[in-house]
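A.B. asks: Provided below for reference: sequence and predicted model.
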Amino acid sequence: MEFLLALVGGLTLGSVHAFDVDHVAAVSAFASKEPDPRKTVWFGVIWGLGHTVTVLLFGGLSVALKFIIPPIIGSIAEIAVGLFLIGIGIWVLRDIMRKKHVHVHKHTHDGVEHFHFHSHEHAADHRHKHSMFLVGATHGLAGTASVMVIIPITLSQSLLTSVLYLLLFGAGTIISMGAFAYMLGTVSKIAHGRNLLQYIRGIAAAASLVVGILWVGEAMVR
């Protein structure tokens, strides 16, 4: 029975936990930059991997050493998450306002010179995935993760069940956030075709800023 609860509880709670507002704000700001669901899905997956690594590490220590993660660590992580969100929001807004850099290229074909105007768009999908991992890892320590993951598994007497719970919790976050990022990529692709992508990105950036400020403020008054 305990084994079954770990299966159902871990996967379900992980799937629900992935949609916390700070998680959604961070992944949305990154994923909205790339109007291709096959690429944006990786932002969600990599965020989930970072989140899972932290949860496995601290959750495993909590079970093995029989202790609860001190609240101060969660508070520090929440402030870090808030600062990340503020930084992400500013980064996206700055990128939106920055004009595309246009280059003039000269080519020679059969002795005839041709001039072409060519713009290089900022290809950030491969450059910022490591940042997404770091944000996910920080999220793993912050907010409700300590309540939904660390406390329940410390009540279990089985190390195997506890580890299984953690793994399935992580799988739930990875699957849910990957699906969300894919959906956002699909929406961004449609918006891009209708010249609305910048509005989508602006909304995502504003949401990241607002949530980040609220997150830091809430953590500071605790």
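C.D. replies: Received the coordinates, thanks. Residues are numbered from 1 along each chain as shown.

A.B. asks: max-length helix in this protein?
C.D. replies: Looking across the chain with DSSP state H, the single longest helix is helix 159-193.

A.B. asks: Can you mark which positions in it are buried?
C.D. replies: Of the residues in helix 159-193, 161-178, 180-182, 184-189, 191 count as buried by neighbour count, 16 or more other C-beta atoms under 10 Å. For the C-beta atoms, the positions are set from N, CA and C on the backbone; glycine is no exception.

A.B. asks: Quick one: mean pLDDT over that helix.
C.D. replies: Mean pLDDT, helix 159-193: 89.

A.B. asks: now swap in stretch 204-212 and tell me
C.D. replies: On average, stretch 204-212 scores 94.

A.B. asks: Likewise for stretch 73-92?
C.D. replies: Here the average pLDDT along stretch 73-92 is 90.

A.B. asks: Over to stretch 40-50?
C.D. replies: The model assigns stretch 40-50 a mean pLDDT of 93.

A.B. asks: Tell me which stretches of the chain form helices.
C.D. replies: 2-17, 21-31, 37-65, 71-97, 129-139, 145, 151-154, 159-193, 197-221.

A.B. asks: okay, those, which one's buried deepest?
C.D. replies: Most buried of the helices of the chain by mean neighbour count (mean count of other C-beta atoms under 10 Å) is helix 21-31; its value is a mean of 26.

A.B. asks: List of residues touching that one?
C.D. replies: The contact list for helix 21-31 (C-beta atoms under 8 Å, 6 or more residues apart in numbering) reads 17, 40, 43-44, 47, 51, 81-82, 84-85, 88-89, 91-92, 128, 131-132, 135, 139, 142-143, 177, 180-181, 184-185, 188, 201, 204-205, 207-208, 211-212, 215.

A.B. asks: tell me the angle of that helix relative to helix 71-97?
C.D. replies: Interaxial angle, helix 21-31 versus helix 71-97 (axes from the mean of the first three to the mean of the last three C-alpha atoms, to 10 degrees): 30 degrees.
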